[in-house]
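In: Next input, structure requested:
(4 chains, ligands or ions: 5)
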Amino acid sequence: MNKQKLKTLREKIPSDRIGLLIALIVMIAVFSFFNKHFFSYKNMINILIAASLTGLVAVGETYLVIAGLVDLSAGSVAAFGSVLAAVVLSSTGNVFVTVLIVVLAGILIGIFNAVTVNSLKLEPFIATLASMSIVRGLAYIICNGKPVFITNNSFLKLGSQRIFGIPVPVIILIISFIIFGIILSKTRFGRSIYVVGGNKEAARLAGLNPKRITLILYMVNGALAALGGALLAARMNSGQPAASVGLEFDAITAAVLGGTAFSGGVGTIFGTVLGVFILQGFNTGLIMLNVPTFWQYVARGLLLLIALTFDFLRKRRRDKKILESSMANS
Amino acid sequence: MNKQKLKTLREKIPSDRIGLLIALIVMIAVFSFFNKHFFSYKNMINILIAASLTGLVAVGETYLVIAGLVDLSAGSVAAFGSVLAAVVLSSTGNVFVTVLIVVLAGILIGIFNAVTVNSLKLEPFIATLASMSIVRGLAYIICNGKPVFITNNSFLKLGSQRIFGIPVPVIILIISFIIFGIILSKTRFGRSIYVVGGNKEAARLAGLNPKRITLILYMVNGALAALGGALLAARMNSGQPAASVGLEFDAITAAVLGGTAFSGGVGTIFGTVLGVFILQGFNTGLIMLNVPTFWQYVARGLLLLIALTFDFLRKRRRDKKILESSMANS
Amino acid sequence: MKDILEFSGITKYFPGVKALDNVSFKANSGEVLAFLGENGAGKSTLLKILNGDFQPTSGKYILNGEAKHFKSPKEAIDEGISIIYQERQIVLDISVAENIFLGQQPIKKNGLIDYKKLYQDAKKIIDEFGLNIDPRAKVRNISIAHQQMVEIMKAYSRDLKVIAFDEPTASLSDSEIEILFEIINKLKKENKIIIYVSHRMKELERIADKVVVFKDGKFVDLVKRNDVTNNDLITMMVGRDLGDIFNELDRSKSYGDTILEVNKLTTNDVSDVSFSLREGEILGFAGLVGAGRTEVMRAIFGADKVNSGKIMLENKEVNSKSPKQAIKKGIVLCPEDRKLQGILPNLSVGYNISIAVLDNIINKIGFINNKKENVLVKDSINTFNIKTPNATKKIVELSGGNQQKAIVARWLATNPKVLILDEPTKGIDVGAKAEFYKLICDCAKNGMGVILISSELPEVIGLSDRIIVMKDGYITGEVMREEATEEKILAYAMLEGEVN
Amino acid sequence: SKDEKNDTKKDDNKPVAEKNDDKKEADKKDDKDDKIVIAGIYKAGDQVWFIDEGAAAEEMCKKMGVDEFIYIDAKMNPETYLQAIDNVIAQEVDGVLTCIPDQQLSQVTVNKLKEAGIPVIAADDALQDEDGNKLAPWVGISAYNIGAANGEWMAKYAIDNGLDKDEEAGLLLLTMDTVSSCVPRTEGEYDKFTENISDFPEDKIYRADYNGETDKGFAAASSVITANPQIKKWMVMAANDEGAVGGVRALEQAGLDKDSCVIGLGAYLAKGEFKKEYSAMKAATYFSAQAVGGDSAKFLIDHIKNGTEIPMEHAVDAIIVTKDNYKEVMGKYAE
Ligand SMILES: Nc1ncnc2c1ncn2[C@@H]1O[C@H](COP(=O)(O)OP(=O)(O)OP(=O)(O)O)[C@@H](O)[C@H]1O
Ligand SMILES: Nc1ncnc2c1ncn2[C@@H]1O[C@H](COP(=O)(O)OP(=O)(O)OP(=O)(O)O)[C@@H](O)[C@H]1O
Ligand SMILES: O[C@@H]1[C@@H](O)[C@@H](O)CO[C@H]1O
Ligand SMILES: [Mg+2]
Ligand SMILES: [Mg+2]
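Out: Ligands and ions are numbered 1, 2, ... in the order given. Okay, the predicted model is just below:
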């Protein structure tokens, strides 16, 4: 019996995410059966737009969770970003400067998060729970709690303009998926995220700098959330301090649904993309099927459990197959 | 070589939380200075009542987090418990039966959580995020989204009756602190919780049953949250399906503030008690000082960071002292 | 070019411990310098200072005339210092190739990782080592021995001046050790500074040119290996002559009834395994890496699923579905992987020791009797000479060997009917080993049945009454104590053709 | 506190509501310093509406010589709300203005404050019993009536524009089913709309739920709009302004905004839409936070200082504002 061969076989059995892909397809099929408009170009675009903020943050959270970290402040940062965009815009009138300042602010908050985790050695969960509260407060403070209107048309276009029929926020989302997907899977930096999450000590001893990586990841997530907030403001024509409560949980859920593990060291952007679309598609589908509000809560919880269970069973079956073939071979 | 004195095993526990105790005292002093009503019997009882639900759940979460688990469904379970209490009460009219059924329902939800974690091998974070959504849905469903009024006087007494001047919910809270504190620190079962949180595989090989422990801990937290929900209903004269959103985070925050570590294997009920009172005292104090709403968000986040940082610095100073004394001794 | 590494007056304190005390010596390139010393003597600490992981409390070290003050391992790696750590530092969910080239993956012009080249380069190194490992395999799925070899390849793949091995052979079998020695000889020819830490005298005999002896954090001596005997070295490190440890053991020759009988045991990893163990007998298990010894024992212990076959304890069939049940019935297993299966890292030394015997120190309603626990823990610490300032110290802060002693102490405290030890002496120093052997013999004399798995053949041979040899999940031979030689055992371990 | 203990024991068997404790009130007046403190406890203190309401109340307090106004956010959480009540009682404030997160809490609230001898005025949502009888003086507009105003306006709009008979017209109700105080708004909207256009086909009335946030309102509205392409002219009513704006954006996104009509609720976001050249947001109910906050404070202070009786009901008008009149109606709140 050649164990080595079998192990190679195990590695090669394709992509971990087939189960989810099937789940996505099944979901689309079911919803389309009940409502023929579900699988329309229009609706797909709707789903993409609705997912555009969660998707951006899900990318950042995927990075963080793979590295064994988490950022609970993302929803607050998005709200802060949306208000800041409106405020800066009204005083500068310059779209570029506005987006720049908003993204910088997001990065600053990311740095703050990283410092609490790196230097004060606080648990990421609790450190970012603290900044979640602080940043939400700041979002209210800079606008005195009142939504700030945006009249600048070129800024509003960021939210509504279409290029080849695709709205700008969706284009930004897709580009982010691609760029961050490539960085994660094909660059040294990307791979070092797995190392830090898989074994922080090993990472450090191998000459990587986990603190630096932590810093960068929080900066990235801060930037993405703030940028997402600015785009939200553009889409809704106003900056709203109370927006996006719980965004981080939606984003993390998408990442985990896509195969990212809380224990760290495991996950892909492709999986997260699937997770984002399954969740948003499901939400949209439930509304289209006119499922009663309260049952939607139940349905969403069940979806999560079922999708993850399905994934678990599929993996187990695959392992069993490998085992059986190895027993047959020997 | 073994001339060293071997001090007793438990020596370290008390000194660990001195920092927090100081923080609590400082906080009380400061608030009392600014508002003479803060340190009044009435207000202390208020704080205790206000902390009674969070405190109960914080006990359960402390157990879970020490064991490397977490339960995000607690807030939903409390809301569900409050509505269920109102519904059962209106049909049975029997206080004892009502409380029994509510607690059993909480235990059932706990079993459900444990099964998803134990058998489906889902991450506790995501498994209980799913049940959080499901149970919230159920809370709305059983009352059709409308709060249920409670008229049964003997049930309402559970919320308002005082014994020796102390309201029943507070008495239940204090008893829980004591019992669960003793179980955790002095019994074999309590020890096994630390062991499971330290290294699950090693725990299993050392003859413990991590799955059984997981099951019990989720059952306990379910029961505590549901019981807390029933008491909440008694205090509010109604079952409220929308209540207690985010309760689990307050509870977890209290536990972590009290020294429980997400990495598992570390934490005490005494620490959690301090955490609960610091957080609730702070909330109350902010209102009494009439701190503007939005600044309260900022202040709460900062409190968390400062308290934890203080704790971190104190530990570091202590380690340094030990180091220095060992250098001096040799 | 000749490189010189000089330690000068290095002192290192930890809370409650002086790990290194004014240590000074020199290492030259082109020679293998061995570190020898009891568990907790400070060997690993010195290596961690060498690579910038720890900063010395005082003192410095000098590389080619230049004092170094590395603030992180990265700075040391950049200067050509490479260490294989005592505790495996491997990332389980990425590939072998990526572990080897951790942080140094080849990149293409566009900045992206050149995966083709990565796998080729990894394959080249793996071939150079003569191993059969798939560079694309997830490290989680390869054997522990191979994981250890990946660690070595990782250090080796770097551009280096100094390479230090901290007990590299603890989880290797002889064939990998041979490979390792070849590599070390090659590095020696390439004029590297080589530091080698091991408790295995046999290895030092073969590979070391010079030996530095430590005791209680102090530098004792630096000697040429050929100028001294093993006994000289042991006397230097332990403070007394241990004599011939195996011959001096008090062995009982009379066994009792059969206590454990395994009949045609088959699991996912092993097939058709049958053997029996008698009261008072020490039964050795030998075999190469992947022979399946560990898997047999895990199945008996209820840690792995049994597909078919019978396990009888005192003539009663036992079918333990969990370690808990096995322990209740009197079968215990001290697992081979200390880090993943043994220690409870966040907990104190005391809690680590008492965990498997809590049943003996609780009252009827489950309260732990503190006094009893303290007595038990102190006894274990004294018996095993575990070096720790107190019982409340976190176990991860002990030296590797002392952690191992604590884990072995945990299992011996259970006083079982059948005691299974899987690589129990991994990383334990010679003096402590001698004590440990005596303890095992006492256990057997008191009627316990002992099963010993060890990759150190002299240990298996010296201690066992009977030795079973495995290969590829099957038993391939059995040797009695009287006739046991390394050659005979190896012949069974590498038996061709007859398996199945 | 000793008294209190005895009281509780003594009155054990009486329903709490009957424990109107005059003695306590007397006690309190004795040891009280001269400072007058009023607390405003609002169900969602971080929303514009309540910020404005609170600001108006505070302004009135200043004007009438009250020493301190405490603004408390109950965060839509019943428990937080009750904690706030306990808190102001412990602080011995002189009066409370409050908007309750859930009307089932009315009785507890009134009992507690009565026992402490603190006068209370309900703002916006009434403090009422099961049957809708007011338990305390009230200033505001009822949630149902706000919705009704919306429904009526929308029905008129439909008739004026021939949408009531139009095959391609549909009504979308964006609901907040999980916020009990907002549910009556939708009920009012639905009732008045169908009352005025009794033959509007039920199957062209659609519902989608959101959580009160714009983005969620947008997603909900988009889904319904896409699922029903046969409807080209939408009439959208929501449970707050956020939802209405979400509906407007969804219509724009679908390219249907030109023929559709959205009505806001609160006007605090709608006013931004009115400033645009075109928006599907054609109207909004405006109810003056300033009036509610200022009037409620004025009644309370008069009562505390001069013992003036507080009127049991004081309704503030819900006014429909449009692009044409919002500036004059809303005054500085139109900024
Ligand atoms: N986690 C794992 N996943 C897949 N295969 C594994 C795993 N662990 C071990 N194996 C394989 O199972 C077989 C038996 O391994 P193991 O190393 O335990 O045998 P052993 O006889 O105990 O050898 P050793 O001398 O290393 O203790 C090997 O082929 C090994 O590669
Ligand atoms: N991180 C740490 N914190 C506290 N004490 C430590 C730490 N690391 C090592 N020590 C202590 O320093 C001393 C020397 O340990 P070290 O690991 O260097 O020993 P060693 O010679 O490598 O022993 P072994 O042969 O068991 O590996 C021990 O007493 C150990 O407890
Ligand atoms: O929550 C609503 C808010 O959105 C605003 O419409 C005013 O009334 C409150 O009840
Ligand atoms: Mg060592
Ligand atoms: Mg083995």
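In: my guess is residue A:47 meets residue A:279, correct?
Out: No: in this structure residue A:47 lies outside contact range of residue A:279 using CB atoms under 8 Å: 10.0 Å. To be clear about C-beta, it is placed using only N, CA and C from the backbone, and glycine gets the same treatment.
In: The residue lying closest to residue C:129 once chain neighbours are set aside sits in which helix or strand?
Out: Take residue C:129 and drop its neighbours on the chain: the residue closest to it by CB to CB, 6 or more residues apart in numbering or on different chains is residue C:179, 5.4 Å away. Per DSSP states H and E, residue C:179 falls inside helix C:174-189.
In: buried sites along that helix?
Out: C:174-177, C:179-181, C:183-184, C:187-188 (16 or more other CB atoms under 10 Å in any protein chain shown).
In: export these to a markdown table and tack on distance to residue A:243?
Out: What follows is the buried residues of helix C:174-189, written out as a markdown table (distance: CB to CB, whole Å):
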| residue | distance to residue A:243 |
| --- | --- |
| C:174 | 66 |
| C:175 | 63 |
| C:176 | 59 |
| C:177 | 63 |
| C:179 | 61 |
| C:180 | 60 |
| C:181 | 65 |
| C:183 | 60 |
| C:184 | 62 |
| C:187 | 61 |
| C:188 | 66 |
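In: how long is stretch C:224-236 from one end to the other?
Out: 14 Å (CA to CA, to the nearest Å).
In: right, quick check: that stretch against chain B, any contact?
Out: No: counting by CB under 8 Å from any CB of the partner chain, chain B is not contacted by stretch C:224-236; separation bottoms out at 15.5 Å.
In: ok, residues contacting stretch A:302-311?
Out: A:19-20, A:23, A:253, A:256-257, A:259, A:278-279, A:282, B:116, B:120, B:122, B:126-127, B:129-131, B:133-134 (CB atoms under 8 Å, 6 or more residues apart in numbering or on different chains).
In: Dump it to CSV, keeping only the CA atoms.
Out: The C-alpha coordinates for stretch A:302-311 follow below in CSV (Å, rounded to 0.1, in the frame of the first residue of the first chain):
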residue,chain,number,x,y,z
LEU,A,302,-31.2,27.3,9.2
LEU,A,303,-29.5,28.2,5.9
LEU,A,304,-26.3,28.7,7.8
LEU,A,305,-26.6,25.5,9.6
ILE,A,306,-27.6,23.5,6.6
ALA,A,307,-25.0,24.9,4.3
LEU,A,308,-22.2,24.3,6.8
THR,A,309,-23.5,20.8,7.7
PHE,A,310,-23.7,19.9,4.0
ASP,A,311,-20.1,21.1,3.7
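In: The residue nearest to the spatial centre of chain A in helix, strand or coil?
Out: Geometric centre of chain A, nearest residue: residue A:58, 0.5 Å, by CA atoms, centre = their mean. The three-state label given to residue A:58 by DSSP: H, G, I helix; E, B strand; the rest coil is helix.
In: Let me see the ranges of the strands in the stretch 1-150 of chain A.
Out: Applying DSSP state E, counting those that start in this stretch to the stretch 1-150 of chain A gives strands spanning A:148-149.
In: picking that back up, which pLDDT does the model give the residue nearest to residue C:129?
Out: Looking at residue C:179, its pLDDT reads 94.
In: List the contacts of it.
Out: Listed by CB under 8 Å, 6+ apart, the contact partners of residue C:179 are C:129-131, C:149.
In: For those, give me JSON lines that also has neighbour count.
Out: Formatted as JSON lines, these follow (neighbours: other CB atoms under 10 Å in any protein chain shown):
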{"residue": "C:129", "neighbour count": "19"}
{"residue": "C:130", "neighbour count": "12"}
{"residue": "C:131", "neighbour count": "17"}
{"residue": "C:149", "neighbour count": "27"}
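In: Please identify which pair of the residues you listed lies farthest apart.
Out: Greatest spacing in those, by CB to CB: C:130 and C:149 (10.2 Å).
In: My reading is that residue D:96 lies in a helix. Confirm?
Out: No: looking at residue D:96 with three-state DSSP, it is strand, so not inside a helix.
In: what's the burial count for it?
Out: 27 (other CB atoms under 10 Å in any protein chain shown).
In: and what of residue C:212?
Out: Applying other CB under 10 Å, we find 24 residues neighbouring residue C:212.
In: Now do the host helix or strand of it: which elements does it pack against?
Out: Assigned by DSSP H and E, residue C:212 belongs to strand C:210-215. Where contact means 3 or more CB pairs under 8 Å, 6 or more residues apart in numbering or on different chains; DSSP states H and E, strand C:210-215 is packed against strand C:31-37, strand C:218-224, helix C:230-238.
In: Save the ones you listed as JSON lines, and put in mean pLDDT, mean neighbour count and distance to residue C:51 too.
Out: Compiled in JSON lines, these are given as follows (pLDDT from 0 to 100; neighbours: other CB atoms under 10 Å in any protein chain shown; distance: least, CB to CB, whole Å):
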{"stretch": "strand C:31-37", "mean pLDDT": "94", "mean neighbour count": "23", "distance to residue C:51": "14"}
{"stretch": "strand C:218-224", "mean pLDDT": "94", "mean neighbour count": "16", "distance to residue C:51": "19"}
{"stretch": "helix C:230-238", "mean pLDDT": "88", "mean neighbour count": "18", "distance to residue C:51": "24"}
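In: For the stretch 151-300 of chain A, just list every one of the strands.
Out: A:162-163, A:166-167, A:238-239.
In: could I get those strands as TSV with mean pLDDT?
Out: As requested, the strands of the stretch 151-300 of chain A are exported to TSV (pLDDT from 0 to 100):
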stretch	mean pLDDT
strand A:162-163	94
strand A:166-167	95
strand A:238-239	96
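In: near ligand 4, which residues of chain C show up?
Out: Contact residues (CB under 5 Å from the ion) of chain C with ligand 4: C:44, C:86, C:399-400.
In: right, and the pair among these with maximum separation?
Out: So, these by CB to CB: farthest apart are C:86 and C:399, at 8.4 Å.
In: Enumerate every residue touching the nearest residue to residue A:172 once chain neighbours are set aside.
Out: Spatial nearest neighbour of residue A:172, chain neighbours left out: residue A:231 (6.8 Å); criterion: CB to CB, 6+ apart. Taking CB under 8 Å, 6+ apart as the criterion, residue A:231 is in contact with A:52-53, A:158-159, A:168-169, A:172.
In: so which of the residues you listed comes closest to ligand 5?
Out: Within the contacts of residue A:231, proximity to ligand 5 (CB to the ion) peaks at residue A:53, which comes in at 50.7 Å.
In: Surely the closest one is in contact with residue A:246?
Out: No: if you go by CB under 8 Å, residue A:53 and residue A:246 don't touch, sitting 11.8 Å apart.
In: if you count what's nearby, which of those two comes out ahead?
Out: Neighbours were counted for residue A:53 and for residue A:246 using other CB under 10 Å; residue A:53 has more, 29 against 15.
In: what number of residues lie near the closest residue to the more buried one other than its chain neighbours?
Out: Counting by CB to CB, 6+ apart, residue A:228 is the residue found nearest to residue A:53 once chain neighbours are left out, at 4.3 Å. Residue A:228 has 33 neighbouring residues, counting by other CB under 10 Å.
In: Repeat that for residue A:291.
Out: Neighbours around residue A:291, by other CB under 10 Å: 14.
In: Repeat that for residue C:17.
Out: Quick note: residue C:17 (other CB under 10 Å) scores 23 neighbours.
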